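# Output the structure for:
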Amino acid sequence: MESTSLSQPASLIDPFGRSVNYLRLSVTDRCNLRCTYCMAEEMTFLPKQQILSLEELRDAATAFVELGIRKIRLTGGEPLIRRDILKLVSSLAALPGLDELTMTTNGVYLPSMAQPLKDAGMSRLNISIDSLKIERFKQLTRVGDLSQVLDGIHAANAVGFNKIKLNAVILAGFNDDEVIDLASFAVDNGLDISFIEEMPLGEISSHKRAATQMTSAQIRDQLESKFTLLDSTETTGGPSRYRQVANSDSKIGFISPMSNNFCESCNRVRMTAEGRLLLCLGNEHSLDLREILRSHPGDSERLKSKIIQAIADKPERHYFDPDQVDIVRFMNMTGG
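Numbering: from 1, shown residues only. Now for the predicted structure:
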């Protein structure tokens with residue numbers, strides 16, 4: 001029998017001295033939208049038997065928290081389409097040592113799910129919205145109804161979620177003329193917003209990424225024509241670098257994987273819905289945790305030992321090139 005470690009570290013430290021304390025946990029690869037930068041129009045999703053059960057997701061999360069993970073973000077696909085997601089939220093929110101449980105969602109199901117999520121122990125929400133124009137929103141998402149997302153944002157606000165953050169991927173020639181409108185919407189509603197550079201994950205046919213690339217500097221230049229942006233030391237533990245909007249409670253963040261990578265302070269790993277532990281967004285190297293969870297159910301020491309070994313292989317940084325796709329998995333397979 002393979003030996004497992006009985007003494008676990010107080011925290012996960014990678015070879016470059018970075019403390020890993022943030023897990024992005026995908027609960028499904030499926031989504032009710034088809035955003036052009038995230039997936040192909042015709043997708044083949046994973047068979048259900050390949051997806052981790054709620055119990056397996058809970059066991060994996062428990063092991064990570066026992067190893068020093070302090071923040072978990074539930075992602076997808078769209079996490080709110082996962083059956084019995086509230087049961088998972090409740091069980092994770094109760095984990096001793098976990099400081100924050102958050103979720104990234106497209107907001108469509110929030111009108112009915114915002115209150116149950118809050119009651120179950122969800123700490124914060126990130127809500128994706130890339131356009132405030134009805135037809136453009138449908139074009140970017142292929143099937144989306146903007147009114148549903150707006151209703152979801154307002155529902156999350158109404159039930160008392162604090163620090164709601166909007167996420168917007170900006171594409172030149174598609175929605176770069178809405179940067180100020182999106183930021184104004186956030187400020188007017190007391191929300192934060194992060195603008196995200198598109199990443200070359202998966203082959204797409206809707207546009208050429210090199211042609212639509214917008215840098216954070218270009219986005220910031222637009223914003224500074226309308227807003228006074230003040231330096232801020234605030235962080236949410238993720239890659240976003242924030243500026244405070246003067247005379248407002250809102251902050252604007254910039255996530256710059258292409259133009260100004262955030263690798264030197266990377267504190268994150270991802271686990272896909274099929275149980276692959278991804279050590280870096282921009283690398284394909286992974287560890288199959290599903291095999292361990294299913295071959296050795298309940299053996300938390302073995303699972304933790306494998307996680308510790310995997311962290312020793314976490315790379316220093318990613319290398320993205322908008323002209324080519326080195327990472328064949330789509331964002332919905334990665335866990336947003």
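# For residue 132, give me its contacts.
Residues touching residue 132, when contacts are defined by Cβ atoms under 8 Å, 6 or more residues apart in numbering, comprise 146, 178, 181, 182, 185. To be clear about C-beta, it is placed using only N, CA and C from the backbone, and glycine gets the same treatment.
# count of neighbours near the fourth one?
If I follow you right, that is residue 182. For residue 182, the count of nearby residues is 21 (other Cβ atoms under 10 Å).
# what's the spacing between it and residue 33?
Distance of residue 182 to residue 33, computed by Cβ to Cβ, to the nearest Å: 17 Å.
# One more: residue 150?
For residue 150, the distance to residue 33 equals 14 Å [Cβ to Cβ].
# Counting neighbours, go ahead and name the busier of these two.
Comparing residue 150 with residue 33 by neighbour count (other Cβ under 10 Å), the higher total belongs to residue 33, at 22 against 18.
# got the phi/psi numbers for that one?
Recorded main-chain torsions at residue 33 are phi -110, psi 170, according to degrees, to the nearest 10.
# number of nearby residues for residue 35?
Around residue 35 there are 20 other residues, counting by other Cβ under 10 Å.
# Could you do residue 189 as well?
15.
# Please tell me I have it right and it contacts residue 153.
Yes. Applying Cβ atoms under 8 Å as the test, residue 189 and residue 153 come out as touching, 7.2 Å apart.
# For the nearest residue to residue 274 once chain neighbours are set aside, give its distance to residue 60.
Excluding the flanking residues, the one nearest residue 274 by Cβ to Cβ, 6 or more residues apart in numbering is residue 50, at 4.9 Å. Residue 50 is 15 Å from residue 60, where distance means Cβ to Cβ.
# which one of those two has more residues nearby?
Neighbour tally, residue 50 and residue 60, criterion other Cβ under 10 Å: the higher count belongs to residue 60, 23 against 12.
# Show the pLDDT at that one.
As summarised for this prediction, residue 60 has a pLDDT of 98.
# Could you name the helices and strands sitting against the strand or helix carrying it?
Take DSSP states H and E as the rule and residue 60 turns out to sit in helix 54-66. Based on contacts counted as 3 or more Cβ pairs under 8 Å, 6 or more residues apart in numbering; DSSP states H and E, the elements that helix 54-66 packs against are strand 22-26, strand 71-75, helix 85-93, helix 289-295, helix 300-311.
# now the ones you listed in CSV, with distance to residue 258, mean pLDDT and mean neighbour count?
Output for the helices and strands packed on helix 54-66, formatted as CSV (distance: least, Cβ to Cβ, whole Å; pLDDT from 0 to 100; neighbours: other Cβ atoms under 10 Å):
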stretch, distance to residue 258, mean pLDDT, mean neighbour count
strand 22-26, 19, 97, 25
strand 71-75, 20, 97, 25
helix 85-93, 32, 98, 19
helix 289-295, 29, 97, 17
helix 300-311, 26, 96, 19
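# Would you format the ones you listed as a markdown table with distance to residue 193 included?
Below are those laid out as a markdown table (distance: least, Cβ to Cβ, whole Å):
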| stretch | distance to residue 193 |
| --- | --- |
| strand 22-26 | 19 |
| strand 71-75 | 17 |
| helix 85-93 | 24 |
| helix 289-295 | 33 |
| helix 300-311 | 32 |
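# of these, which approaches residue 227 most closely?
Taking Cβ to Cβ as the criterion, residue 227 comes closest to strand 71-75 out of these, the separation being 27.0 Å.
# Could you list the residues in contact with that closest one?
The set of residues external to strand 71-75 that reach it, using Cβ under 8 Å, 6+ apart, is 21-27, 61, 64-65, 85, 88-89, 92, 98-104, 126, 237-238, 335-336.
# Go ahead and measure how far stretch 54-74 is from the middle of the chain.
15 Å (Cα atoms, centre = their mean, to the nearest Å).
# Oh, that last question was meant for stretch 259-279, not what I typed.
In terms of Cα atoms, centre = their mean, the gap separating the centre of stretch 259-279 from the centre of its chain is 10 Å.
# Show me which residues of it are buried.
The neighbour-count check on stretch 259-279 (16 or more other Cβ atoms under 10 Å) flags 261-263, 266-279 as buried.
# At which residues are the strands of the chain located?
Across the chain, reading from the start of the chain, the strands by DSSP state E fall at 12-13, 19-20, 22-26, 71-75, 100-105, 124-128, 165-169, 192-196, 229-231, 241-245, 251-255, 268-271, 276-278, 286-288.
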